[in-house]
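Fold the following, please.
(chains A and B)
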Amino acid sequence: MTFFGLPFQDIVFYTLAAILLYAALRVITTRNPVYAALYLVLAFFTAAGVWLLLEAEFLAIVLVLVYVGAVMVLFLFVVMMLDINLDKLREGFWKALPIALPVGGLMAVEMVMIVGVRNFGADKIVAPAARPADYSNTAELGRVLYTDYLLPFELASVVLLVAIIAAIALTLRDRRESKSVDPAKQVLVKKADRIRIVKMDAVVEKDSEASSDVSTVAKEAE
Amino acid sequence: MENIRYDLITALPEIVIVCMAMFILLADLFLKSSNRIAIYVLAQVTLLVAAYLTFSTHTPSVGYAFTGTFVDDAMADVLKLMIYLGTSLIFVYSRQYIQLREMYRGEFYALVLFSVVGMMIMVSGQNMLTLYVGLELLSLSLYALVALDRDNARATEAAMKYFVLGALASGMLLYGMSMIYGMTGSLNISEINNALMGGENVQSVLILGLVFIVAGLAFKLGAVPFQMWVPDVYEGSPTAITLLISSVPKLAAFAFIIRMLEQGLHTLAVDWQQMLMIMAVLSIVIGNVTAIAQTNLKRMLAYSTISHVGFVLFGLMSASINGFTSALFYIVSYVLMTLAGFGMILLLSRKGFEAEKLDDLKGLNQRSPWHAFLMLIVMFSMAGVPPTLGFYAKFTVLQAALQAGFLWLVVFAVLMAVIGAFYYLRVIKLMYFDEPVDHHPIQAPMDMRIVLGVNALALLAIGLMPQGLMELCSYAISKSLG
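Below is the predicted model of the structure:
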């Protein structure tokens, strides 16, 4: 099946690639952070489409589930809840642009020259043979994860554990502003904790202001 | 079945430390604050057990486990033993400091132990994936440790800088690795080497990958021009954490460089030699010259670290067995020196006071002649004054570079070392010839005083008799790379 002399797959690829590039560019150029996050979601979606074209179904689905479904939704919540001062973030953007643009442009040109078709073209690197229809990408990934890459896989779980410990250690603290009471502490209260008995001599205070006030009140009453 | 048994036995030290770190984390919840010393003891015992396991399963031969993602060779075992020793010293030196700053919690010990596991994986990684995950495990633990003193604004800022720049460096490293993978089709270090030896490869892609890998590693090592985070993070972190960041991870970074550049990308040696050379020269210049202008002791030691890293790169750029041996010797010496140096800052600190200004060392001789003498040895060793360890380390590195034919660079490095001697000697001048500003008595537990004394005196003793350590380094390198 060809359209305009191009195979159907190529047309899908170029469409997805164009959307992906546009979305990625908008992530960094749009003024509103919520829009930026939504453009990032679009970028993830189209990237997942490209991966599907490459027959990496499992990874494509995981990208949508994990990044779009979990990470970006959390990210959107953070963006909406935090009061981010955009003008402050953008301060210096135009000042740094004259330097950043040539440097970034130069790097991009260099990378295109090296990573481009000249070194990684279809004639240089042979495409893998197409798999049969009943080939399970997921099963293969699972097999490799638990055999060849068992050690890095287990270590990745330790990294996640460290992330959990770090997040809790850095943020969990006793909230002194909270007004809740601990019943266990409440029932242990003794009389001495509640009442302070102060012994005082029975002396009338001789405060000049107070006494003068009293005398004026007394006069008015008369 | 036999395979799995071998795998598990080879990685037993790592498994024990991970399990114990989790146990310490849980045990901490059930301990009264008066019994908190138990987690410290547990952490030390863990290191001791791991050291025993590493030592008793040691063989001079090279063994691969977990389908070639993990390697057990002489270099890995020697470096692991050094890491246990260094971490154990860190626990001894930092105990009082973290007690006084309310960081004495299970999380501290658990995170340090997890970072130790990360280092061990970096030391034993034989696959780019394993190496990278080890590096992330180490880095993530360190970021959290820097920020652990939560109400300290400076530490939080340092953690943020460290985190952002560290993530950038990881990204660079990964990008470089992906280039190498794209060209060789393998993540395994030995397979990469074979692919590069045999097949036809596009040199420009490999060089691009190499540049990114070297840049990422230089970031982690703190070599110029990727050094900007080092002084800020060293100064901002709590000193106990600075002690950790500045010492043992450098051993792991050294192993990472050997595995990646020498074992994996040996065919590109001519290219990475040039890169290391530029970084070595710049590190020695910037480290030594900028350190002169510092008034903060931690910042000064940070710049001193940069110059030491330059000397290590001098050894590495020779790209010979001799050069690697001298670099390993240098980095082990550096770790011993920096432990004693920051240990001294911890010793002089007390509740609510950080002995981090150069002025805080003024007249230390009048307050405590013994500690002034220990600091004198440390400073002499860092400056490279004979007969201390630092002198011998610099000597071997420069000798290796000379053999590799870098005559003018060696002359230049010696000149720079002389300039660097100025700021180390200034510390000695402050201690011995100035009046003290701070008159508080030194409060430190006895075990810390003794261990610190042994550590500092070891710099002198090994400097006088370096053969033992030298043979150990030579054994490690020649059995693994020879």
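
Which helix or strand contains whatever residue of the stretch 1-150 of chain B ends up closest to chain A?
Closest contact between the stretch 1-150 of chain B and chain A, by C-beta to the nearest C-beta, is at residue B:144 (3.3 Å). Quick note: C-beta positions are derived from backbone N, CA and C, even for glycine. Per DSSP states H and E: residue B:144 is located in helix B:128-146.

what about the residue in chain A that chain B sits nearest to, which helix or strand?
Shortest chain A-to-chain B distance, computed as C-beta to the nearest C-beta: residue-wise this is residue A:166, at 3.3 Å. Counting by DSSP H and E, the element that carries residue A:166 is helix A:150-171.

For chain B, which segments are assigned as strands?
Using DSSP state E, the strands assigned to chain B run over residues B:63-65, B:70-72.

what's the burial count for the residue of chain A closest to chain B?
20 (other C-beta atoms under 10 Å in any protein chain shown).

Spit out the contact partners of it.
Residues near residue A:166 by C-beta atoms under 8 Å, 6 or more residues apart in numbering or on different chains: B:111, B:140, B:141, B:143, B:144.

Near the closest residue to the fourth one other than its chain neighbours, how many other residues are there?
Yep, that's residue B:143 we're talking about. Using C-beta to C-beta, 6 or more residues apart in numbering or on different chains and skipping residues adjacent in sequence, the residue nearest residue B:143 is residue B:163, 4.6 Å away. Counted by other C-beta under 10 Å, the residues lying close to residue B:163 total 19.

gap between residue B:163 and residue B:248?
20 Å (C-beta to C-beta, to the nearest Å).

Report the mean confidence score over stretch B:445-462.
Across stretch B:445-462, pLDDT averages out at 94.

just stretch B:414-432 next, same as before
The model assigns stretch B:414-432 a mean pLDDT of 92.

Let me know how buried the residue nearest to residue B:275 when sequence neighbours are not counted is, in neighbour terms.
In space, and not counting its chain neighbours, residue B:275 is closest to residue B:214: 4.9 Å by C-beta to C-beta, 6+ apart. Other residues lying near residue B:214 total 24 when counted by other C-beta under 10 Å.

in terms of contact, does residue B:214 touch residue B:273 like I think?
No - with contact defined as C-beta atoms under 8 Å, residue B:214 does not count as touching residue B:273 (10.7 Å).

how long is stretch B:59-70 end to end?
In stretch B:59-70, first residue to last residue: 15 Å (C-alpha to C-alpha, to the nearest Å).

list the buried ones in that stretch?
Across stretch B:59-70, burial judged by 16 or more other C-beta atoms under 10 Å in any protein chain shown covers B:64, B:65, B:66, B:67, B:68, B:69, B:70.

what do you get for stretch A:155-168?
Buried residues in stretch A:155-168, counting neighbours by 16+ other C-beta under 10 Å, are found at A:155, A:156, A:158, A:159, A:161, A:162, A:165, A:166.

In this structure the third one contacts residue B:19, no?
No - taking C-beta under 8 Å as the definition, residue A:158 is not a contact partner of residue B:19, at 10.8 Å.

Centroid-nearest residue for chain A?
Central residue of chain A (C-alpha atoms, centre = their mean): residue A:75, 4.1 Å from the mean position.

Which secondary structure element is home to that residue?
Element membership for residue A:75, per DSSP H and E: helix A:72-81.

Closest to residue A:79 out of the contacts of residue A:166?
Nearest to residue A:79 out of those is residue B:143 (C-beta to C-beta; 22.7 Å).

so how far is stretch B:14-25 off the chain centroid?
The chain centroid and the centroid of stretch B:14-25 are separated by 22 Å, computed with C-alpha atoms, centre = their mean, to the nearest Å.

now check it, is it near chain A?
Yes - using C-beta under 8 Å from any C-beta of the partner chain, a contact is recorded between stretch B:14-25 and chain A, made by B:18, B:22, B:25.

Contacts only, for the first one.
Listed by C-beta under 8 Å, 6+ apart, the contact set of residue B:18 reads A:158, B:113, B:114, B:117.

Counting neighbours, what do you get for the second one?
I take that to be residue B:113. 27.

Compute the number of surrounding residues for the nearest residue to it once chain neighbours are set aside.
In this structure, residue B:113 finds its nearest non-sequential neighbour in residue B:21, 3.9 Å apart by C-beta to C-beta, 6+ apart. Residue B:21 has 27 neighbours, counted by other C-beta under 10 Å.
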